[in-house]
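Q: Model the structure of this input:
(2 chains)
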Amino acid sequence: MGTYSVNLGPNRYSFPDLRRLLACASPPRSGDELAGLAAESAEQRVAARLALAEVPLQRFLEEPAIAYEQDEVTRLILDGHDEAAFAPVASMTVGGFRDWLLSYAADGASIAALAPGLTPEMVAAVSKIMRNQDLILVASKIRVTTAFRNTIGAPGTLSVRLQPNHPTDDPRGIAASILDGLLHGAGDATVGVNPATDNVHAYVAIASLIDELRQSYSIPLQSCVLAHVTTAIEAINRDAPVDLVFQSIAGTESANSAFGVNLALLEEAHDAAQSLARGTVGGNRMYFETGQGSALSADAHHGVDQQTCEARAYAVARAYDPLLVNTVVGFIGPEYLVDGKQITRAGLEDHFCGKLMGLPMGCDVCYTNHAEADQDDMDGLLTLLATAGCQFVMGVPGADDIMLGYQSTSFHDANYVRRLLGKQPAPEFADWLRAMGIYDRSDQLAMPAAGNGLLARASELIGDEG
Amino acid sequence: MTDAMPSVYRRLRELTQARLALGTSGSSLATSEWLAFQYDWARARDAVYYALDFDDLAARIEGLGLETVRVASAAPSREVYLRRPDLGRQLSDESAERLGQSAPTKPDVAVVVADGLSGWAVDQNAAPLIEALRERAGRGGWRLGSIVLVSQGRVAVGDPIGALLGARLTLLLIGERPGLSAADSLGAYLTYEPCSGRTDAERNCVSNIREGGQPPASAADTIGYIIDRAFAAGQTGVALKDETALLQHE
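A: Residues are numbered from 1 along each chain as shown, chains lettered A, B, ... in the order given. Model prediction:
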C-alpha cells in the first residue's frame, strides 16, 4: 500500500491508503461521520481531493478498497474488468479523467463504451472531485436503454414506478392505488409493491392481482413484488406470474449477507426469471434497489466510505443486466444523510456513478420525517435528476407511502417534471395512455370519461353497480 | 385534469388510507390538497421535535400507584440524538451509575418508556397503555417494577436498563417514526433476559399503538399474551414471531 500525500500551504497531509484517501475526499456526510471515516476539516477534505486527482486510474486495479481474498464483490469487480474497454483512459489520472468526461470529445457513445473497463472505485473517485453540475452534465450524455414489455431510457422519456403499497397488503387497497396511478400516467417503469409480509402466499397474491389487471386492459407494463429473492424463486417454482425479480443489494459481501443474498443466489434468481421468458420487447428482468449507508447500517463497510460502498453495489447490479436500478436515496435516515443538501448530493452521485457503469438508473427521491428535508428539497433533486437524464422516479399516491412511512415523489411530481422538460413515458406505454383516453390529443392528462374501462374497474372494487 | 372528477373515481379513497384521487390544477396538486399535505407533514415534523413533559408523564403514572425513575440516554440533545443512534442506545454515565447504585429490584417485567422519534405518541398513549398493562400483569402473575422514563432513548436502551434492574424481560415503549397518516404511534418492544448486545432478531414488537390504530387497551392484551408466551418459552424474538403475527391478524 502506498501513502498518498500532498502539501497544502504550510501543512503536509498524508493518507495511509486509497481507502482512507477516498473517504476523506468524500463530500460531508453524516454516515461517514458516524463511521469515523470523514475528513476532520474542510482543508483536509480538499487535500484529499488534490491527492486523489493525481492518482492514476490504473492504481485502482492494484489496490482494491477491500481485499480480493476477503470479499466476493471485489473479486467480481477485478475478475470482470475489461482491459480493452479500459484502454482509452488507462493512462489517465482521476483528475485527467474528470477533464476528459467534461470535454466535447467525450460523447455518450465513447463514455458508454468505457463502462466494462471502469471499476466502482474509479467512478466513485472521479465523482468526489466533481461538483453537482459536473455530475449532471456528464450523466446527461449517457443513454442506457433496457426493455421488458416496454422500453426504459429511450430519448426524451422519463418513466415512473407505480408504488401502490398498503400496510396489510389489502388487494382492494392496492388495486385502488394502481388505478389512480395509471390514470395519472404512472406505471411504465414497473408497478412494484413492497409487501407488508414477506412470504410466498402474499407474493403470489400480489403478482396475480397486477397480472390480471395488466391482461384485462392490455397494459404494456411489468409487475414486481419487492420481496426477498428467495421468495421470488419460490413463487416462480409455483408458476406465479413473475415479471421482474427484485432484490436489495449492497457493495460488500458482508452487507449483502445481511440482506440474505450472495452472488450465487442472485445468479440463481436471474436464471429462474430467464426461464419464464415473459418479456415481449426485451429480456432485462431484474430490479435492484440500493442506497448509501446500507453497508454501515449492517456494520459491513470495512472502513470504506458510504458513497464508494454504494458504487460497489452497482458492480453487483451490472452483473445481471437489470431493467431498473433504483437508489432509494433518503430512506435510510439522518444518521446517514442528514438533510436535503446531503440527500441531493447523494442522489446526483448515485445517478452519475450508476450511469457511468452502464446501468439504467432511477432514483427514489425521498426523505423521512426525522431528516432535515421537505418537499422543496425533493422538488430540487427531482428536477436536477430529470435534467441529468434519470430513467425513472417513484410514483407514490400523494407522495406518502402509508406502508413504509416516508415521503417519496407522487404521480403529480412525476407529471410536473415530465411537463417541465417535455418528457414522455416509455413509448409503448404512452401509446396505451392515448388509446385509453388518459392522454388527450395534446398528450395532456384528461379526466377519464364515464365509459372508461379503468373507472368501470373502480366501480367493481367499490362494489357499486352504477 | 381540471374537469370534475367522477364520483366513482373519488370513491377509491374508501379503499385505502393512501392519498388517492387528489384534486388537481393542470397536472399539479390543487391548492387545498397541497395545503392539506402540509398540515399532515407539519404534525409529523412537530412530533419529532415534541418536547415531552416527563414531569407530567411521571405524575400521571404515579397517579396509577406505580413508582417512576427518570434517566437519560447518552445523547444530550435532539440534534445529537438524530445523528447518533449509538448514543441513544446507551445510558448516560450519570444515569447508569445511579441505576447501578441501588440493589437490583428484579422485576419480572421492566417497563421502560422512551420518547423515541415521537414524544407526542408517548404523551398520548403511554399512560393509558401502562394502566391497562398493570391490570393485565395482575392476571398474568408477573410483577412490574418502577416505570423507567428515558429521555432521548432508542429501542436498545432498554437492554442495559433491564440488566441493571435484574429484570426477566424488558418491555420498552417508544414513539415511532412519525408518518403523514399517523404521527402518534407508539411501539412496544419485548426483550427476554435483557442485556447490552441483544439484536433485533431477539425482540418482539407490537406497533401502531394509538387510538385509530391498535388502541392501548387492545395492545395491552397482545403484549400480555406475548409476555406469557415469552416466560413459557424462555425467549423472545423470531421463535415467537409467527404466532404473535397470527394473533395480531385475528
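
Q: tell me the contacts of residue 223?
A: Just going to use chain A. The neighbourhood of residue A:223, defined by CB atoms under 8 Å, 6 or more residues apart in numbering or on different chains, consists of A:190-192, A:207, A:210-211, A:214, A:241, A:243-244. Every residue, glycine included, has its C-beta placed from N, CA and C.

Q: should've been chain B
A: Taking CB under 8 Å, 6+ apart, we find residue B:223 in contact with B:133, B:136, B:171, B:188, B:190, B:206.

Q: out of the residues you listed, who's nearest chain A?
A: Taking CB to the nearest CB as the measure, chain A sits nearest to residue B:206 out of these, at 14.5 Å.

Q: got the contact list for the helix or strand harbouring that closest one?
A: Per DSSP states H and E, residue B:206 falls inside strand B:203-209. For strand B:203-209, the external contacting residues (CB under 8 Å, 6+ apart) are B:125, B:129, B:155, B:176, B:182, B:185-191, B:214-216, B:219, B:222-223, B:226, B:230, B:236-237, B:240-241, B:244, B:248.

Q: Write the ChimeraX selection for whichever of those residues are buried.
A: Those of the contacts of strand B:203-209 that count as buried under 16 or more other CB atoms under 10 Å in any protein chain shown are selected in ChimeraX with:
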select /B:125,129,155,176,182,185,186,187,188,189,190,191,214,216,219,222,223,226,230,236,237,240,244,248
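
Q: Excluding chain neighbours, what is closest to residue B:155?
A: In space, and not counting its chain neighbours, residue B:155 is closest to residue B:189: 5.1 Å by CB to CB, 6 or more residues apart in numbering or on different chains.

Q: and the one you found, that's in a strand?
A: Yes: according to DSSP: H, G, I helix; E, B strand; the rest coil, residue B:189 belongs to a strand.

Q: How about the contacts made by it?
A: Contacts of residue B:189 by CB under 8 Å, 6+ apart are B:155, B:158, B:170-172, B:174, B:203-205.

Q: Nearest to residue B:46 among these?
A: Nearest to residue B:46 among the contacts of residue B:189 is residue B:174, at 17.7 Å by CB to CB.

Q: Quick check, the closest one in contact with residue B:116.
A: Yes: at 3.7 Å, residue B:174 counts as touching residue B:116 under the criterion of CB atoms under 8 Å.

Q: Which residues are in contact with each of those two?
A: Contact criterion CB under 8 Å, 6+ apart; residues shared by residue B:174 and residue B:116: B:122, B:153-155, B:187.

Q: which of the residues you listed lies closest to chain A?
A: Checking the shared contacts of residue B:174 and residue B:116 one by one against chain A (CB to the nearest CB), the nearest turns out to be residue B:154, at 10.7 Å.

Q: if we can go back for a sec, inside helices: which ones of the contacts of residue A:223?
A: Judged by DSSP state H, helices contain the following of the contacts of residue A:223: A:207, A:210-211, A:214.

Q: Make CSV out of those residues and add neighbour count, distance to chain B and pLDDT.
A: Output for those, formatted as CSV (neighbours: other CB atoms under 10 Å in any protein chain shown; distance: CB to the nearest CB, whole Å; pLDDT from 0 to 100):
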residue, neighbour count, distance to chain B, pLDDT
A:207, 24, 19, 98
A:210, 27, 16, 98
A:211, 17, 20, 98
A:214, 20, 19, 98
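
Q: all strands for chain A, in order.
A: Per DSSP state E, chain A carries strands over the ranges A:4-8, A:11-15, A:146-147, A:151-152, A:159-162, A:190-193, A:223-225, A:245-248, A:286-290, A:324-328, A:361-364, A:392-395, A:400-401, A:406-407.

Q: Throw these into CSV and include distance to residue A:178 and mean pLDDT, thanks.
A: Below are the strands of chain A laid out as CSV (distance: least, CB to CB, whole Å; pLDDT from 0 to 100):
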stretch, distance to residue A:178, mean pLDDT
strand A:4-8, 52, 95
strand A:11-15, 51, 96
strand A:146-147, 22, 98
strand A:151-152, 19, 98
strand A:159-162, 6, 98
strand A:190-193, 6, 98
strand A:223-225, 10, 98
strand A:245-248, 17, 97
strand A:286-290, 17, 98
strand A:324-328, 18, 98
strand A:361-364, 18, 98
strand A:392-395, 10, 98
strand A:400-401, 14, 96
strand A:406-407, 20, 96
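
Q: Nearest to residue B:43, out of those?
A: Set against residue B:43 and scored by CB to CB, these come closest in strand A:400-401, at 12.3 Å.

Q: Just the residues contacting stretch B:80-95, thanks.
A: So stretch B:80-95 is contacted by A:30, A:33-34, A:334-335, A:338, A:370, B:48, B:71-76, B:96, B:99, B:150, B:152-157, B:159-161 (CB under 8 Å, 6+ apart).

Q: Just the residues you listed: which are in strands?
A: Per DSSP E, the subset of the contacts of stretch B:80-95 in strands is B:71-72, B:150.

Q: So which of those residues wins on neighbours?
A: Most neighbours among the ones in strands among the contacts of stretch B:80-95, by other CB atoms under 10 Å in any protein chain shown: residue B:150, with 26 neighbours.

Q: Please list all residues in contact with that one.
A: Neighbours of residue B:150 in contact, by CB under 8 Å, 6+ apart: B:71-73, B:91, B:112-115, B:157, B:161.

Q: Of those residues, just say which sits nearest to chain A.
A: For those, the minimum distance to chain A (CB to the nearest CB) is 12.3 Å, reached by residue B:115.

Q: Just give the number of residues close to the nearest residue to that closest one once chain neighbours are set aside.
A: Nearest non-adjacent residue to residue B:115, counting by CB to CB, 6+ apart: residue B:52, 4.8 Å away. The number of residues packed near residue B:52 is 21, by other CB under 10 Å.

Q: likewise residue A:380?
A: Using other CB under 10 Å, residue A:380 has 16 other residues around it.

Q: what's the answer for residue B:43, then?
A: Count around residue B:43 with other CB under 10 Å applied: 18.

Q: what residues are up against it?
A: Listed by CB under 8 Å, 6+ apart, the contact partners of residue B:43 are B:178, B:183.

Q: quick one, phi/psi of it?
A: phi -60, psi -40 (degrees, to the nearest 10).

Q: Show me what residue of chain B gets nearest to chain A.
A: Residue of chain B nearest chain A, by CB to the nearest CB: residue B:19 (2.3 Å).
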